[in-house]
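Q: fold the following and give me the result.
(2 chains)
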Amino acid sequence: DSGVTQTPKHLITATGQRVTLRCSPRSGDLSVYWYQQSLDQGLQFLIQYYNGEERAKGNILERFSAQQFPDLHSELNLSSLELGDSALYFCASSVGGEDTQYFGPGTRLTVL
Amino acid sequence: DAKTTQPPSMDCAEGRAANLPCNHSTISGNEYVYWYRQIHSQGPQYIIHGLKNNETNEMASLIITEDRKSSTLILPHATLRDTAVYYCIVIDRYGGSQGNLIFGKGTKLSVKP
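A: So this is what the prediction gives:
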């Protein structure tokens, strides 16, 4: 158990819908990262937050957004969902912005 | 693109040492070598990391060559639960990437009874 929690574990929704994935980092960690893992793309970095501020952006679509709240939990919002958004979404956290990342168990999103 | 090259798959007998190689010939002086593993769609699990020196922890040992162009992850006594995809990642922790991890395809290690 890494100490990073993610909810929900599974999410099934329809195309065009919007969903929110939630991540709670390890106690004391200030940085949160989001990654997407699809069958054809592998694990890809989406976005990083550090102490509430966006710090780095990867291949995140404009339909996706994220935020980190004052209690340091983070949410990833996915809108106008497409079939191709079906994937595992992982959250990771680290103490600072450059330290070792510890991953949560992931949320499996299925878009029908 | 990942800066590392790993064999796509390896087999290991249970109880034997598993030696997983990684080539990172373009590594720069500030870049660390990190190893993670992913067991069947679970979240990637941190194993070990190093800069220049060899490292050991309760899970594994990391051997980095003197020129730092390659490394080997050693699982001393592999068990069936070590069957996973192992990722070798080089990262400049203090560079512009701000520490985000770039995963390649990794090595699928199969531990057999």
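Q: all contacts plus neighbour counts: C-alpha atoms, from now on.
A: Fine.
Q: mind listing what residue 75 touches?
A: Here I'm looking at chain A. When contacts are counted by Cα atoms under 8 Å, 6 or more residues apart in numbering or on different chains, residue A:75 is found next to A:20, A:21, A:22, A:23, A:66, A:67, A:68.
Q: you looked at the wrong chain, it should be chain B
A: With Cα under 8 Å, 6+ apart, residue B:75 has these contacts: B:17, B:18, B:19, B:59, B:60, B:61.
Q: dump the contacts of residue A:75 to CSV, plus secondary structure.
A: Output for the contacts of residue A:75, formatted as CSV (DSSP: H, G, I helix; E, B strand; the rest coil):
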residue, secondary structure
A:20, strand
A:21, strand
A:22, strand
A:23, strand
A:66, strand
A:67, strand
A:68, strand
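Q: re the thing from before, who wins for most neighbours among the contacts of residue B:75?
A: With neighbours taken as other Cα atoms under 10 Å in any protein chain shown, the top of the contacts of residue B:75 is residue B:18, carrying 24 neighbours.
Q: thought that residue was touching residue B:74?
A: Yes. Between residue B:18 and residue B:74 there is a contact under Cα atoms under 8 Å: 5.6 Å.
Q: quick one: the closest residue to residue B:100 other than its chain neighbours from residue B:9, how far?
A: Counting by Cα to Cα, 6 or more residues apart in numbering or on different chains, the nearest residue to residue B:100 once its immediate chain neighbours are dropped is residue A:45, at 6.6 Å. Distance from residue A:45 to residue B:9, counting by Cα to Cα, to the nearest Å: 24 Å.
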